[in-house]
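Colleague: Please work out how this folds:
(4 chains)
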Protein chains: 2
Amino acid sequence: MTEEHTSAAAPRRRNVRGEATRARVLVAALDTFAAQGYHGTGTRDIADAAGISQAALYVHYATKEELLFQLALDGHRAVVEVVRDAAEQDGTPTERLSAVVRAHSRYHAVSRKQARVVNLELGALTREHRQEISALRRELESIVRGILVAGIESGDFRVIDLPLTALALLSLGFDVCRWYRDGGTWTADEIGERYQEMALNIVRNS
Amino acid sequence: MTEEHTSAAAPRRRNVRGEATRARVLVAALDTFAAQGYHGTGTRDIADAAGISQAALYVHYATKEELLFQLALDGHRAVVEVVRDAAEQDGTPTERLSAVVRAHSRYHAVSRKQARVVNLELGALTREHRQEISALRRELESIVRGILVAGIESGDFRVIDLPLTALALLSLGFDVCRWYRDGGTWTADEIGERYQEMALNIVRNS
DNA sequence: GTCTATATTGCGATAGAC
DNA sequence: GTCTATCGCAATATAGAC
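Modeller: All right, here's what the predicted structure looks like:
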């Protein structure tokens, strides 16, 4: 049995611990970035929140920016996944758009901490990393545009400017993470429901 | 002729110069905050952009945060003024809501630099300053709600959740400053026109 | 009111023992 | 892999001459 076999079949315990710490650091970065902003957060703040020394951060992430990038990547992938799942369900264009807007706005209420960091701190990313994130955002717009096209072809929707309407429908959800509070007037589900109705009002051919 | 009379009737030239420099500093802060973010901007960056030494900043503003607060105050007052002017015109609720959404979204395209700083960097304000800004934002929502109430009473509008609809209508405009670019697909006027149509679709009683 | 120079603090990242 | 200690630098704000 070679060393490679052992590593692949049963990772050594220190690897498992390492991965767990890496994840804790990421959560700590999310919490501190959300509370104080990226530039307003020091690596000592992150380390304190993760329960390790400041120097130990650099074993898991090479730079502070790499932490932000990982958060932005995870967050955007999560939104795209949520929205794509809603878009790919069987149903009329009306049903699919309804599901997409409901899921998107609901996500920005439930996961507003991630969404805030991910939407507000993109300017702190390096040029290359920002471009990688932009691709995911364009994918989101593309999914919405696809449903709008289907609805126009079926006669269910009437849209004057297709790309602009897709942008506006996503804007509704993006802004939720700015003002949503737990225990406020609305639940996340209620927001999804109301926003889905407004979205259909915008595009409905009546 | 006393010294007081002279000062009141004809401010000395160094006061005029001082005010002009104060304004140049504010513009420099706007430019640098917009480009690099509040925490990403040093007082040296602001001073360089204003054409003065870093130390001279402190003659005009006591802290860097005071600069941000002044920008946030000016920016929010400008939005409230633009929206209130549109809301107070004579006309049906439909016409008034149309004017408000057109003006609001158009403003966030034309003045996107101010709007970005003002909307994205509020977390860097002190608690007291942030509360003062929040009051202006609530005033904005209140204006929109007032028009919605008028439209519901006249039978022109049909709205399920009034405060949430007001929030959503403003969200459309807020997000414009995030993605709008000069020389892009749409002019600011076109955005105002399309967004106004979408807003009426949302609330129209048909 | 503006300047140069600096006090003071905090930052991101690294060195080296264990 | 984690720690303590520290490097080198940049930050905000102030001092004092002009």
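
Colleague: Every contact and neighbour count from this point should use C-alpha atoms.
Modeller: Noted.

Colleague: Quick check: the gap between the residue of chain A found nearest DNA strand C and DNA strand D.
Modeller: Closest residue of chain A to DNA strand C, Cα to the nearest atom of the strand: A:Gly42 (3.2 Å). A:Gly42 sits 12 Å away from DNA strand D, taking Cα to the nearest atom of the strand, to the nearest Å as the criterion.

Colleague: Around that residue, how many other residues sit close by?
Modeller: The local packing of A:Gly42 (other Cα atoms under 10 Å in any protein chain shown) involves 17 other residues.

Colleague: Show me what the helix or strand hosting A:Leu30 is in contact with.
Modeller: In this structure, A:Leu30 sits in helix A:13-36 according to DSSP states H and E. Judged by Cα atoms under 8 Å, 6 or more residues apart in numbering or on different chains, the contacts made with helix A:13-36 from elsewhere in the structure are A:38, A:40-41, A:45-47, A:49-50, A:57, A:60, A:67-68, A:71, A:113-114, A:116-117, B:123-124.

Colleague: So what's the model's average confidence on it?
Modeller: Mean pLDDT, computed over helix A:13-36, is 83.

Colleague: Mind listing what's buried along that helix?
Modeller: Buried residues in helix A:13-36, counted by 16 or more other Cα atoms under 10 Å in any protein chain shown: A:21-22, A:24-34.

Colleague: Over to stretch A:42-51?
Modeller: The neighbour-count check on stretch A:42-51 (16+ other Cα under 10 Å) flags A:42-43, A:45-47, A:49-50 as buried.

Colleague: Restricted to strands, list those residues.
Modeller: Using DSSP state E to define strands, no part of the buried residues of stretch A:42-51 is located there.

Colleague: now, the most widely separated pair of those?
Modeller: Within the buried residues of stretch A:42-51, two members stand farthest from each other by Cα to Cα: A:Gly42 and A:Ala50, at 12.8 Å.

Colleague: Hmm, A:His104 is touching A:Asp85, no?
Modeller: No: in this structure, A:His104 is not within contact of A:Asp85 by Cα atoms under 8 Å, at 10.7 Å.

Colleague: The two: which has the busier surroundings?
Modeller: For the pair A:His104 and A:Asp85, the greater number of neighbours falls to A:His104 (27 against 14), based on other Cα under 10 Å.

Colleague: Just say helix, strand or coil for the more buried one.
Modeller: For A:His104, the assignment made with DSSP: H, G, I helix; E, B strand; the rest coil gives helix.

Colleague: From B:Arg138, how far out is it?
Modeller: In this structure, A:His104 and B:Arg138 are 25 Å apart, going by Cα to Cα, to the nearest Å.

Colleague: So what's the residue count around A:Ser171?
Modeller: Other residues lying near A:Ser171 total 20 when counted by other Cα under 10 Å.

Colleague: In space, what's closest to A:Glu82 - neighbours in sequence excluded?
Modeller: Quick fix: residue A:82 reads Val, not Glu. By the measure of Cα to Cα, 6 or more residues apart in numbering or on different chains, the closest residue to A:Val82 outside its immediate chain neighbours is A:Ala103, 6.6 Å from it.

Colleague: what's the burial count for the one you found?
Modeller: Using other Cα under 10 Å, A:Ala103 has 27 other residues around it.

Colleague: Next one, pLDDT for it please.
Modeller: A:Ala103 carries a pLDDT value of 98.

Colleague: mind listing what it touches?
Modeller: Under the contact definition (Cα under 8 Å, 6+ apart), the residues listed for A:Ala103 are A:82-83, A:86, A:192.

Colleague: could I get those as JSON lines with neighbour count, secondary structure and pLDDT?
Modeller: Formatted as JSON lines, the entries for these read as follows, by neighbours: other Cα atoms under 10 Å in any protein chain shown; DSSP: H, G, I helix; E, B strand; the rest coil; pLDDT from 0 to 100:
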{"residue": "A:Val82", "neighbour count": "15", "secondary structure": "helix", "pLDDT": "98"}
{"residue": "A:Val83", "neighbour count": "23", "secondary structure": "helix", "pLDDT": "98"}
{"residue": "A:Ala86", "neighbour count": "20", "secondary structure": "helix", "pLDDT": "98"}
{"residue": "A:Gly192", "neighbour count": "25", "secondary structure": "helix", "pLDDT": "98"}
